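J.: got a structure for you, letters missing:
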Ligand code: EPZ
(Lines give C-alpha, C1' and ligand atoms only; values in the text may rest on other atoms or scores of the structure.)
Protein backbone atom coordinates (compact mmCIF):
# COMPACT_ATOMS: atom_id res chain seq x y z
CA UNK A 1 0.00 0.00 0.00
CA UNK A 2 1.32 3.43 -0.96
CA UNK A 3 2.48 5.87 1.66
CA UNK A 4 2.94 9.63 1.59
CA UNK A 5 6.14 11.13 2.99
CA UNK A 6 6.16 14.77 4.07
CA UNK A 7 8.95 16.94 5.40
CA UNK A 8 7.12 19.67 7.26
CA UNK A 9 7.79 23.30 7.99
CA UNK A 10 7.33 24.82 4.53
CA UNK A 11 4.71 27.53 4.02
CA UNK A 12 2.41 26.76 1.07
CA UNK A 13 2.79 29.52 -1.53
CA UNK A 14 1.16 29.39 -4.96
CA UNK A 15 -2.11 28.29 -6.55
CA UNK A 16 -4.18 25.11 -6.44
CA UNK A 17 -6.93 24.26 -8.96
CA UNK A 18 -10.15 23.09 -7.28
CA UNK A 19 -11.77 20.08 -8.94
CA UNK A 20 -15.41 19.08 -9.33
CA UNK A 21 -17.19 17.95 -6.15
CA UNK A 22 -16.96 14.19 -5.42
CA UNK A 23 -20.19 14.42 -3.41
CA UNK A 24 -22.00 16.01 -6.34
CA UNK A 25 -20.58 13.63 -8.97
CA UNK A 26 -21.75 10.47 -7.17
CA UNK A 27 -25.51 11.22 -6.95
CA UNK A 28 -25.40 12.79 -10.43
CA UNK A 29 -23.94 9.58 -11.87
CA UNK A 30 -26.75 7.61 -10.20
CA UNK A 31 -29.28 10.00 -11.80
CA UNK A 32 -28.28 8.58 -15.21
CA UNK A 33 -30.48 5.57 -14.33
CA UNK A 34 -33.58 7.81 -14.55
CA UNK A 35 -33.44 8.15 -18.34
CA UNK A 36 -32.57 6.04 -21.35
CA UNK A 37 -30.90 9.08 -22.93
CA UNK A 38 -27.32 10.24 -22.34
CA UNK A 39 -26.42 12.24 -19.24
CA UNK A 40 -23.09 14.00 -19.87
CA UNK A 41 -21.35 15.22 -16.70
CA UNK A 42 -18.47 17.69 -17.03
CA UNK A 43 -15.79 18.74 -14.50
CA UNK A 44 -15.67 15.19 -13.11
CA UNK A 45 -12.68 14.63 -10.80
CA UNK A 46 -10.43 11.62 -11.25
CA UNK A 47 -11.09 9.80 -7.97
CA UNK A 48 -11.32 6.19 -6.84
CA UNK A 49 -14.93 6.66 -5.66
CA UNK A 50 -15.97 7.82 -9.13
CA UNK A 51 -14.39 4.73 -10.67
CA UNK A 52 -16.10 2.48 -8.09
CA UNK A 53 -19.54 3.89 -8.89
CA UNK A 54 -18.85 3.75 -12.64
CA UNK A 55 -18.06 0.04 -12.25
CA UNK A 56 -21.30 -0.53 -10.35
CA UNK A 57 -23.36 1.37 -12.93
CA UNK A 58 -21.66 -0.68 -15.64
CA UNK A 59 -22.90 -3.92 -14.04
CA UNK A 60 -26.42 -2.44 -14.06
CA UNK A 61 -26.14 -1.91 -17.83
CA UNK A 62 -25.14 1.77 -18.05
CA UNK A 63 -22.84 2.57 -20.98
CA UNK A 64 -20.13 4.90 -19.79
CA UNK A 65 -17.86 6.91 -22.07
CA UNK A 66 -15.04 8.94 -20.60
CA UNK A 67 -13.64 11.92 -22.44
CA UNK A 68 -10.40 12.54 -20.63
CA UNK A 69 -10.11 15.99 -22.10
CA UNK A 70 -11.44 18.91 -20.14
CA UNK A 71 -14.42 20.63 -21.80
CA UNK A 72 -16.30 23.86 -21.46
CA UNK A 73 -13.50 25.60 -19.60
CA UNK A 74 -13.54 23.01 -16.83
CA UNK A 75 -10.43 21.12 -15.76
CA UNK A 76 -12.29 17.90 -14.96
CA UNK A 77 -13.17 15.15 -17.41
CA UNK A 78 -16.48 14.52 -19.12
CA UNK A 79 -18.36 11.34 -18.24
CA UNK A 80 -21.19 10.37 -20.59
CA UNK A 81 -23.60 7.88 -19.02
CA UNK A 82 -26.37 6.14 -21.01
CA UNK A 83 -28.77 3.75 -19.29
CA UNK A 84 -30.51 2.76 -22.49
CA UNK A 85 -31.49 -0.60 -21.08
CA UNK A 86 -31.16 -1.78 -17.49
CA UNK A 87 -29.38 -5.15 -17.58
CA UNK A 88 -29.61 -5.87 -13.86
CA UNK A 89 -31.42 -4.37 -10.87
CA UNK A 90 -29.01 -5.81 -8.30
CA UNK A 91 -26.15 -3.82 -6.77
CA UNK A 92 -23.89 -6.55 -5.37
CA UNK A 93 -22.24 -6.53 -1.94
CA UNK A 94 -18.68 -6.68 -3.24
CA UNK A 95 -19.16 -3.37 -5.04
CA UNK A 96 -21.43 -1.60 -2.52
CA UNK A 97 -19.18 -2.43 0.45
CA UNK A 98 -16.36 -0.46 -1.21
CA UNK A 99 -18.37 2.73 -1.12
CA UNK A 100 -21.57 3.38 0.77
CA UNK A 101 -22.66 6.09 -1.66
CA UNK A 102 -23.58 3.15 -3.94
CA UNK A 103 -26.87 3.11 -2.01
CA UNK A 104 -27.76 6.15 -4.17
CA UNK A 105 -28.67 3.76 -7.02
CA UNK A 106 -31.58 2.39 -4.95
CA UNK A 107 -34.07 5.23 -5.57
CA UNK A 108 -33.38 5.77 -9.28
CA UNK A 109 -33.32 2.03 -10.05
CA UNK A 110 -36.61 1.43 -8.22
CA UNK A 111 -38.24 4.40 -9.93
CA UNK A 112 -37.03 3.30 -13.37
CA UNK A 113 -37.55 -0.48 -13.19
CA UNK A 114 -40.06 -1.00 -10.38
CA UNK A 115 -37.55 -3.13 -8.52
CA UNK A 116 -34.08 -2.88 -6.98
CA UNK A 117 -31.93 -5.14 -4.86
CA UNK A 118 -29.09 -3.20 -3.26
CA UNK A 119 -26.67 -4.53 -0.69
CA UNK A 120 -26.85 -2.76 2.65
CA UNK A 121 -23.71 -0.61 2.63
CA UNK A 122 -22.54 -1.64 6.08
CA UNK A 123 -20.77 0.72 8.41
CA UNK A 124 -17.50 2.47 7.90
CA UNK A 125 -14.78 4.00 10.02
CA UNK A 126 -16.81 7.06 10.98
CA UNK A 127 -19.98 5.30 12.09
CA UNK A 128 -22.77 2.78 11.57
CA UNK A 129 -24.28 4.99 8.85
CA UNK A 130 -27.66 3.25 8.56
CA UNK A 131 -29.97 3.85 5.61
CA UNK A 132 -33.27 3.68 7.50
CA UNK A 133 -34.38 7.11 6.26
CA UNK A 134 -33.82 6.02 2.65
CA UNK A 135 -35.92 2.88 3.24
CA UNK A 136 -38.75 4.58 5.16
CA UNK A 137 -38.95 7.27 2.48
CA UNK A 138 -39.22 4.77 -0.36
CA UNK A 139 -41.92 2.88 1.57
CA UNK A 140 -43.80 6.18 1.89
CA UNK A 141 -43.64 6.36 -1.92
CA UNK A 142 -45.36 2.98 -2.07
CA UNK A 143 -42.41 0.57 -2.33
CA UNK A 144 -42.53 -2.83 -0.60
CA UNK A 145 -39.15 -3.32 1.04
CA UNK A 146 -37.65 -6.38 2.70
CA UNK A 147 -34.23 -6.62 4.32
CA UNK A 148 -32.91 -10.05 3.46
CA UNK A 149 -29.41 -11.55 3.69
CA UNK A 150 -27.82 -8.12 3.92
CA UNK A 151 -29.74 -6.75 0.96
CA UNK A 152 -32.46 -4.14 0.61
CA UNK A 153 -35.02 -5.83 -1.64
CA UNK A 154 -37.38 -3.14 -2.96
CA UNK A 155 -40.45 -3.71 -5.17
CA UNK A 156 -42.82 -1.22 -6.74
CA UNK A 157 -44.43 -3.17 -9.61
CA UNK A 158 -47.01 -0.47 -10.21
CA UNK A 159 -44.53 2.38 -9.91
CA UNK A 160 -44.08 4.88 -7.07
CA UNK A 161 -46.70 7.35 -5.83
CA UNK A 162 -45.89 10.84 -4.54
CA UNK A 163 -46.11 11.42 -0.76
CA UNK A 164 -45.30 13.92 1.99
CA UNK A 165 -42.07 12.92 3.79
CA UNK A 166 -40.68 14.68 6.85
CA UNK A 167 -37.09 13.75 7.71
CA UNK A 168 -36.58 13.46 11.51
CA UNK A 169 -33.06 14.82 10.97
CA UNK A 170 -31.11 16.05 7.97
CA UNK A 171 -29.69 13.36 5.68
CA UNK A 172 -27.87 14.30 2.47
CA UNK A 173 -28.08 10.82 0.94
CA UNK A 174 -31.71 10.21 1.86
CA UNK A 175 -32.68 13.59 0.42
CA UNK A 176 -30.87 12.76 -2.83
CA UNK A 177 -32.21 9.19 -3.10
CA UNK A 178 -35.81 10.24 -2.53
CA UNK A 179 -35.62 13.34 -4.72
CA UNK A 180 -34.44 11.14 -7.61
CA UNK A 181 -37.10 8.48 -6.98
CA UNK A 182 -39.85 11.12 -6.73
CA UNK A 183 -38.97 12.48 -10.20
CA UNK A 184 -40.64 9.44 -11.80
CA UNK A 185 -43.38 8.88 -9.18
CA UNK A 186 -47.07 9.50 -9.96
CA UNK A 187 -48.15 12.77 -8.37
CA UNK A 188 -46.37 15.16 -6.03
CA UNK A 189 -43.78 14.46 -3.33
CA UNK A 190 -42.84 16.97 -0.62
CA UNK A 191 -39.54 16.40 1.25
CA UNK A 192 -39.48 18.41 4.49
CA UNK A 193 -36.32 18.98 6.57
CA UNK A 194 -34.39 18.17 3.38
CA UNK A 195 -30.62 18.62 3.20
CA UNK A 196 -29.47 21.99 1.78
CA UNK A 197 -25.89 21.06 0.90
CA UNK A 198 -24.76 22.66 -2.40
CA UNK A 199 -24.36 19.16 -3.86
CA UNK A 200 -28.10 18.52 -3.29
CA UNK A 201 -28.91 21.77 -5.12
CA UNK A 202 -26.57 20.78 -7.95
CA UNK A 203 -28.38 17.44 -8.33
CA UNK A 204 -31.77 19.20 -8.32
CA UNK A 205 -30.65 21.63 -11.02
CA UNK A 206 -29.43 18.76 -13.20
CA UNK A 207 -32.68 16.83 -12.71
CA UNK A 208 -34.64 19.95 -13.74
CA UNK A 209 -32.48 20.17 -16.89
CA UNK A 210 -33.47 16.52 -17.52
CA UNK A 211 -37.15 17.54 -17.43
CA UNK A 212 -37.96 17.04 -13.74
CA UNK A 213 -40.25 19.50 -11.95
CA UNK A 214 -38.67 20.47 -8.59
CA UNK A 215 -39.51 23.51 -6.44
CA UNK A 216 -37.64 24.82 -3.38
CA UNK A 217 -34.14 24.05 -4.65
CA UNK A 218 -31.50 24.96 -2.02
CA UNK A 219 -34.18 25.14 0.69
CA UNK A 220 -35.20 22.58 3.34
CA UNK A 221 -38.49 21.83 1.57
CA UNK A 222 -38.37 20.20 -1.86
CA UNK A 223 -41.57 19.71 -3.88
CA UNK A 224 -41.24 17.25 -6.76
CA UNK A 225 -44.01 16.77 -9.35
CA UNK A 226 -43.48 13.33 -10.91
CA UNK A 227 -42.96 12.93 -14.66
CA UNK A 228 -43.45 9.88 -16.93
CA UNK A 229 -39.87 10.08 -18.15
CA UNK A 230 -36.76 12.24 -18.05
CA UNK A 231 -34.40 13.11 -20.89
CA UNK A 232 -30.64 13.44 -21.08
CA UNK A 233 -28.69 16.65 -20.61
CA UNK A 234 -25.17 18.02 -20.19
CA UNK A 235 -24.26 19.30 -16.74
CA UNK A 236 -21.03 20.68 -15.26
CA UNK A 237 -20.76 19.74 -11.60
CA UNK A 238 -20.09 22.26 -8.81
CA UNK A 239 -16.57 22.83 -7.46
CA UNK A 240 -15.59 20.69 -4.47
CA UNK A 241 -16.10 22.88 -1.39
CA UNK A 242 -14.51 20.26 0.87
CA UNK A 243 -11.35 20.14 -1.26
CA UNK A 244 -11.40 23.97 -1.16
CA UNK A 245 -11.75 24.07 2.62
CA UNK A 246 -9.06 21.41 3.04
CA UNK A 247 -6.44 23.36 1.10
CA UNK A 248 -7.50 26.62 2.74
CA UNK A 249 -6.76 25.03 6.12
CA UNK A 250 -3.44 23.66 4.87
CA UNK A 251 -2.46 27.16 3.72
CA UNK A 252 -3.43 28.68 7.07
CA UNK A 253 -1.77 25.93 9.11
CA UNK A 254 1.56 26.37 7.30
CA UNK A 255 1.52 30.18 7.36
CA UNK A 256 1.16 30.25 3.61
CA UNK A 257 -0.53 32.23 0.85
CA UNK A 258 -2.52 30.14 -1.64
CA UNK A 259 -5.00 31.00 -4.41
CA UNK A 260 -7.65 28.30 -4.83
CA UNK A 261 -8.54 28.49 -8.54
CA UNK A 262 -12.28 28.19 -9.12
CA UNK A 263 -12.99 28.68 -5.40
CA UNK A 264 -15.38 31.20 -3.82
CA UNK A 265 -15.65 32.18 -0.16
CA UNK A 266 -19.44 31.69 -0.23
CA UNK A 267 -19.04 27.94 -0.92
CA UNK A 268 -17.17 27.51 2.38
CA UNK A 269 -18.79 30.39 4.31
CA UNK A 270 -18.97 28.68 7.72
CA UNK A 271 -15.40 27.36 7.45
CA UNK A 272 -14.22 30.77 6.23
CA UNK A 273 -15.73 32.34 9.35
CA UNK A 274 -13.81 29.93 11.57
CA UNK A 275 -10.58 30.46 9.62
CA UNK A 276 -10.90 34.25 9.87
CA UNK A 277 -11.55 33.97 13.61
CA UNK A 278 -8.37 31.87 13.83
CA UNK A 279 -6.39 34.63 12.12
CA UNK A 280 -6.38 33.74 8.45
CA UNK A 281 -7.40 36.09 5.63
CA UNK A 282 -9.77 34.84 2.91
CA UNK A 283 -10.83 36.92 -0.08
CA UNK A 284 -12.32 36.29 -3.51
CA UNK A 285 -10.07 37.07 -6.47
CA UNK A 286 -10.90 37.14 -10.20
CA UNK A 287 -9.57 33.55 -10.48
CA UNK A 288 -10.87 32.12 -7.22
CA UNK A 289 -10.25 32.37 -3.50
CA UNK A 290 -7.02 33.60 -1.84
CA UNK A 291 -6.19 32.27 1.62
CA UNK A 292 -3.26 33.53 3.62
CA UNK A 293 -2.15 33.79 7.15
CA UNK A 294 -0.96 37.10 8.44
CA UNK A 295 2.38 36.67 10.23
CA UNK A 296 0.63 36.62 13.60
CA UNK A 297 0.17 33.11 15.05
CA UNK A 298 -3.18 31.36 14.61
CA UNK A 299 -5.50 31.42 17.61
CA UNK A 300 -7.82 28.65 18.73
CA UNK A 301 -11.53 28.81 17.81
CA UNK A 302 -14.55 26.74 18.87
CA UNK A 303 -16.28 24.81 16.07
CA UNK A 304 -19.42 22.67 15.98
CA UNK A 305 -20.28 20.64 12.89
CA UNK A 306 -23.84 21.03 11.57
CA UNK A 307 -25.78 20.37 8.36
CA UNK A 308 -25.29 23.05 5.68
CA UNK A 309 -25.00 26.02 6.00
CA UNK A 310 -23.25 25.14 9.30
CA UNK A 311 -19.62 24.08 9.63
CA UNK A 312 -19.21 20.92 7.47
CA UNK A 313 -18.45 17.65 9.23
CA UNK A 314 -16.16 16.85 6.29
CA UNK A 315 -13.84 19.69 7.39
CA UNK A 316 -13.80 18.85 11.11
CA UNK A 317 -10.64 16.74 11.07
CA UNK A 318 -8.79 19.29 8.96
CA UNK A 319 -9.76 22.10 11.35
CA UNK A 320 -8.46 20.03 14.25
CA UNK A 321 -5.06 19.68 12.59
CA UNK A 322 -4.92 23.46 12.26
CA UNK A 323 -6.09 23.98 15.86
CA UNK A 324 -3.35 21.66 17.13
CA UNK A 325 -0.72 24.38 16.71
CA UNK A 326 -2.92 27.45 17.19
CA UNK A 327 -2.40 29.59 20.31
CA UNK A 328 -4.91 28.75 23.02
CA UNK A 329 -7.72 26.20 23.10
CA UNK A 330 -10.31 25.07 20.55
CA UNK A 331 -13.43 23.08 21.42
CA UNK A 332 -14.34 21.02 18.35
CA UNK A 333 -17.75 19.31 18.53
CA UNK A 334 -18.88 16.66 16.03
CA UNK A 335 -22.69 16.39 15.87
CA UNK A 336 -23.22 14.47 12.60
CA UNK A 337 -21.27 11.21 12.98
CA UNK A 338 -20.77 9.19 16.13
CA UNK A 339 -17.17 8.21 15.55
CA UNK A 340 -15.43 10.88 13.56
CA UNK A 341 -12.40 11.37 15.80
CA UNK A 342 -10.21 8.61 14.35
CA UNK A 343 -7.57 11.23 13.54
CA UNK A 344 -7.20 12.15 17.24
CA UNK A 345 -4.92 9.27 18.36
CA UNK A 346 -2.75 9.85 15.29
CA UNK A 347 -2.49 13.61 15.88
CA UNK A 348 -1.56 12.86 19.50
CA UNK A 349 1.34 10.76 18.21
CA UNK A 350 2.58 13.94 16.53
CA UNK A 351 2.47 15.79 19.84
CA UNK A 352 -1.01 17.30 19.69
CA UNK A 353 -2.73 17.96 23.03
CA UNK A 354 -6.32 16.77 22.55
CA UNK A 355 -8.82 15.53 25.12
CA UNK A 356 -12.06 13.85 24.05
CA UNK A 357 -15.31 14.27 25.98
CA UNK A 358 -18.06 12.38 24.13
CA UNK A 359 -18.70 14.26 20.89
CA UNK A 360 -16.33 17.10 21.76
CA UNK A 361 -12.57 17.42 21.47
CA UNK A 362 -10.71 20.00 23.57
CA UNK A 363 -7.60 20.92 21.57
CA UNK A 364 -4.89 22.89 23.39
CA UNK A 365 -2.44 24.35 20.88
CA UNK A 366 1.20 23.33 21.13
CA UNK A 367 4.12 25.30 19.72
CA UNK A 368 5.02 22.68 17.14
CA UNK A 369 3.99 19.18 16.13
CA UNK A 370 6.69 16.64 15.36
CA UNK A 371 6.61 14.35 12.36
CA UNK A 372 5.79 10.65 12.90
CA UNK A 373 4.56 7.48 11.19
CA UNK A 374 0.76 7.76 11.21
CA UNK A 375 -2.15 5.68 9.97
CA UNK A 376 -4.92 6.95 7.70
CA UNK A 377 -8.33 5.56 8.67
CA UNK A 378 -10.92 7.42 6.64
CA UNK A 379 -10.87 9.99 3.88
CA UNK A 380 -10.97 13.20 5.89
CA UNK A 381 -8.94 11.92 8.85
CA UNK A 382 -6.19 11.03 6.35
CA UNK A 383 -5.98 14.52 4.95
CA UNK A 384 -5.93 16.00 8.45
CA UNK A 385 -2.72 14.00 9.04
CA UNK A 386 -1.28 15.45 5.83
CA UNK A 387 -2.06 18.97 7.06
CA UNK A 388 -0.45 18.18 10.42
CA UNK A 389 2.59 16.76 8.63
CA UNK A 390 2.93 19.89 6.48
CA UNK A 391 2.96 22.07 9.61
CA UNK A 392 5.11 19.74 11.73
CA UNK A 393 8.86 19.70 12.27
CA UNK A 394 10.54 16.69 10.71
CA UNK A 395 9.25 13.83 8.62
CA UNK A 396 5.75 12.36 8.61
CA UNK A 397 4.86 9.10 6.87
CA UNK A 398 1.14 8.58 6.25
CA UNK A 399 0.19 4.94 5.71
CA UNK A 400 -2.84 3.56 3.79
CA UNK A 401 -3.16 6.55 1.50
CA UNK A 402 -5.76 4.73 -0.60
CA UNK A 403 -8.20 6.53 1.70
CA UNK A 404 -6.88 9.83 0.32
CA UNK A 405 -7.21 8.71 -3.29
CA UNK A 406 -10.95 8.33 -2.76
CA UNK A 407 -11.48 12.04 -2.36
CA UNK A 408 -8.40 14.06 -3.36
CA UNK A 409 -7.17 14.15 -6.94
CA UNK A 410 -3.38 14.55 -7.34
CA UNK A 411 -3.04 15.75 -3.73
CA UNK A 412 0.74 15.47 -3.49
CA UNK A 413 1.18 17.17 -6.90
CA UNK A 414 -1.05 20.08 -5.93
CA UNK A 415 0.77 20.57 -2.62
CA UNK A 416 4.26 20.11 -4.08
CA UNK A 417 3.43 22.81 -6.66
CA UNK A 418 3.04 25.17 -3.66
CA UNK A 419 6.42 24.29 -2.20
CA UNK A 420 5.52 21.39 0.06
CA UNK A 421 8.13 18.66 0.45
CA UNK A 422 5.78 15.77 -0.19
CA UNK A 423 6.06 12.57 -2.19
CA UNK A 424 4.18 9.32 -2.70
CA UNK A 425 6.18 6.24 -1.73
CA UNK A 426 5.04 3.32 -3.83
CA UNK A 427 4.93 0.10 -1.85
CA UNK A 428 5.56 -3.17 -3.62
CA UNK A 429 2.13 -4.74 -4.10
C1 LIG B 1 -22.94 12.54 2.79
O2 LIG B 1 -22.98 11.26 3.40
C3 LIG B 1 -21.52 12.71 2.30
N4 LIG B 1 -21.21 11.68 1.31
C5 LIG B 1 -20.55 12.62 3.49
O6 LIG B 1 -19.23 12.86 2.99
C7 LIG B 1 -20.91 13.71 4.49
O8 LIG B 1 -20.06 13.61 5.61
C9 LIG B 1 -22.37 13.57 4.91
O10 LIG B 1 -23.23 13.58 3.73
C11 LIG B 1 -22.82 14.70 5.84
O12 LIG B 1 -22.66 15.92 5.19
C13 LIG B 1 -21.67 11.83 0.05
O14 LIG B 1 -22.35 12.80 -0.28
C15 LIG B 1 -21.32 10.74 -0.93
P16 LIG B 1 -26.08 11.74 5.85
P17 LIG B 1 -24.42 10.63 3.83
O18 LIG B 1 -27.12 10.81 5.34
O19 LIG B 1 -25.45 11.03 2.87
C20 LIG B 1 -27.29 9.37 9.79
C21 LIG B 1 -16.96 12.40 2.68
O22 LIG B 1 -16.00 12.46 3.47
N23 LIG B 1 -28.25 8.65 8.93
O24 LIG B 1 -26.30 13.21 5.74
O25 LIG B 1 -24.21 9.20 4.12
C26 LIG B 1 -25.85 9.10 9.41
O27 LIG B 1 -25.40 7.93 10.05
C28 LIG B 1 -18.27 11.79 3.11
O29 LIG B 1 -16.95 12.86 1.50
C30 LIG B 1 -29.15 7.77 9.51
O31 LIG B 1 -29.13 7.56 10.72
O32 LIG B 1 -24.67 11.39 5.21
C33 LIG B 1 -25.15 10.34 9.94
O34 LIG B 1 -24.92 10.18 11.33
C35 LIG B 1 -18.18 11.22 4.52
N36 LIG B 1 -30.05 7.12 8.72
C37 LIG B 1 -26.18 11.44 9.72
O38 LIG B 1 -27.45 10.78 9.58
C39 LIG B 1 -30.10 7.33 7.36
O40 LIG B 1 -30.96 6.73 6.68
C41 LIG B 1 -25.96 12.26 8.45
O42 LIG B 1 -25.79 11.35 7.38
C43 LIG B 1 -29.18 8.24 6.79
C44 LIG B 1 -28.27 8.90 7.59
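T.: Done, it's in. Fair warning: this is a prediction, and the values are worked out from it, not measured in the lab.

J.: When you work out contacts or count neighbours from here on, use the C-alpha atoms and nothing else.
T.: Noted.

J.: Which pLDDT does the model give residue 187?
T.: Residue 187 is assigned a pLDDT of 98 by the prediction.

J.: how far away is it from residue 213?
T.: Here the criterion is Cα to Cα, to the nearest Å. By it, residue 187 lies 11 Å from residue 213.

J.: the more surrounded of these two?
T.: residue 213 (18 against 15; other Cα atoms under 10 Å).

J.: shared neighbours of residue 187 and residue 213, anything?
T.: Common contacts of residue 187 and residue 213 (Cα atoms under 8 Å, 6 or more residues apart in numbering): 225, 226.

J.: which intervals of this structure have sub-threshold pLDDT?
T.: 68-76, 123, 429 (pLDDT under 70).

J.: The ligand contacts on that one?
T.: Applying Cα under 6 Å from any ligand atom, one finds that the chain approaches the ligand through 23, 101, 128-134, 171-174, 313-314, 336-337, 379-380.

J.: Pick out the residue of the stretch 301-429 of the chain closest to the ligand.
T.: Taking Cα to the nearest ligand atom as the measure, the stretch 301-429 of the chain has residue 337 as its residue closest to the ligand, at 4.1 Å.

J.: so what's that residue up against?
T.: Residue 337 makes contacts with 126, 127, 313, as judged by Cα under 8 Å, 6+ apart.

J.: quick revisit: among the residues of the chain next to the ligand, which lie within helices?
T.: Counted as lying in helices by DSSP state H, out of the residues of the chain next to the ligand, are 23, 132, 133, 134, 172, 173, 174, 379, 380.

J.: Which one of those sits in the busiest neighbourhood?
T.: Counting by other Cα under 10 Å, top hit in these: residue 380 with 28 neighbours.

J.: just checking, it touches residue 318?
T.: Yes - using Cα atoms under 8 Å, residue 380 makes contact with residue 318 at a distance of 7.2 Å.

J.: overlap in contacts of these two?
T.: If you check residue 380 and residue 318 against Cα under 8 Å, 6+ apart, no residue is contacted by both.

J.: okay, the contacts of residue 337 in TSV with neighbour count and distance to residue 85 next?
T.: Listed next are the contacts of residue 337 as TSV, based on neighbours: other Cα atoms under 10 Å; distance: Cα to Cα, whole Å:
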residue	neighbour count	distance to residue 85
126	18	36
127	13	36
313	22	38
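
J.: so can I have TSV of those residues showing distance to residue 44?
T.: Formatted as TSV, these follow (distance: Cα to Cα, whole Å):
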residue	distance to residue 44
126	25
127	27
313	23
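
J.: For residue 1, state which of those is nearest.
T.: Set against residue 1, the nearest of the contacts of residue 337 by Cα to Cα is residue 126 (21.3 Å).

J.: For that closest one, give me its contacts.
T.: With contacts defined as Cα under 8 Å, 6+ apart, residue 126 is in contact with 337, 338, 339, 340, 341, 342, 378.

J.: try residue 279
T.: Contact analysis of residue 279 by Cα under 8 Å, 6+ apart lists 293, 294, 296, 297, 298, 299.

J.: Tell me the secondary structure at the fourth one.
T.: Spelled out, it's residue 297. Following DSSP: H, G, I helix; E, B strand; the rest coil, residue 297 is assigned to coil.

J.: what's the spacing between it and the ligand?
T.: Relative to the ligand, residue 297 is positioned 29 Å away (Cα to the nearest ligand atom, to the nearest Å).

J.: burial measure for the residue lying closest to residue 26 once chain neighbours are set aside, as a count.
T.: The shortest distance from residue 26 to any residue other than its chain neighbours is 6.7 Å, reached at residue 50 (Cα to Cα, 6 or more residues apart in numbering). Neighbour count for residue 50, taken as other Cα under 10 Å: 20.

J.: pretty sure residue 50 belongs to a helix, no?
T.: Yes - counting by three-state DSSP, residue 50 is part of a helix.

J.: before we move on, the earlier item: buried ones among the contacts of residue 126?
T.: Buried by 16 or more other Cα atoms under 10 Å: 340, 341, 342, 378, out of these.

J.: Could you measure from the third one over to residue 331?
T.: Read it as residue 342. Applying Cα to Cα, the value for residue 342 to residue 331 is 16 Å.

J.: One more: the second one?
T.: Distance of residue 341 to residue 331, given as Cα to Cα: 13 Å.

J.: Please apply the same query to residue 233.
T.: Residue 233 is 45 Å from residue 331, by Cα to Cα.

J.: One more: residue 239?
T.: With Cα to Cα as the criterion, residue 239 and residue 331 are 29 Å apart.

J.: Which one's more surrounded, those two?
T.: Set side by side, residue 239 and residue 331 show more neighbours around residue 239, with 27 against 20, by other Cα under 10 Å.

J.: ok, back up a step: could you identify the most distant pair in the buried ones among the contacts of residue 126?
T.: Farthest pair in those (Cα to Cα) is 341 and 378. Separation: 10.1 Å.

J.: Reformat the buried ones among the contacts of residue 126 into TSV and put secondary structure next to each item.
T.: As requested, the buried ones among the contacts of residue 126 are arranged in TSV below (three-state DSSP):
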residue	secondary structure
340	coil
341	coil
342	coil
378	coil
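
J.: between those, which is nearest residue 405?
T.: residue 378 (10.7 Å).

J.: Show me what the residue lying closest to residue 209 once chain neighbours are set aside is bridged to.
T.: Leaving out its chain neighbours, the residue that sits closest to residue 209 by Cα to Cα, 6+ apart is residue 233, at 6.4 Å. Here residue 233 sits in beta bridges with residue 39, going by DSSP bridges.

J.: In this structure residue 233 contacts residue 35, no?
T.: No - taking Cα under 8 Å as the definition, residue 233 is not a contact partner of residue 35, at 10.0 Å.

J.: Looking only at neighbour counts, state which of those two leads.
T.: Applying other Cα under 10 Å to residue 233 and residue 35 shows that residue 35 carries more neighbours, namely 21 against 18.

J.: can you pull the contacts of the more buried one?
T.: For residue 35, the contact set (Cα under 8 Å, 6+ apart) comprises 82, 83, 84, 112, 229, 230, 231, 232.

J.: just checking, the last one touches residue 33?
T.: Okay, so that is residue 232. No - the pair residue 232 / residue 33 is not scored as a contact, 10.4 Å apart, by Cα under 8 Å.

J.: Those two: who's more crowded?
T.: Per other Cα under 10 Å, whichever of residue 232 and residue 33 has more neighbours is residue 33, with 32 against 22.
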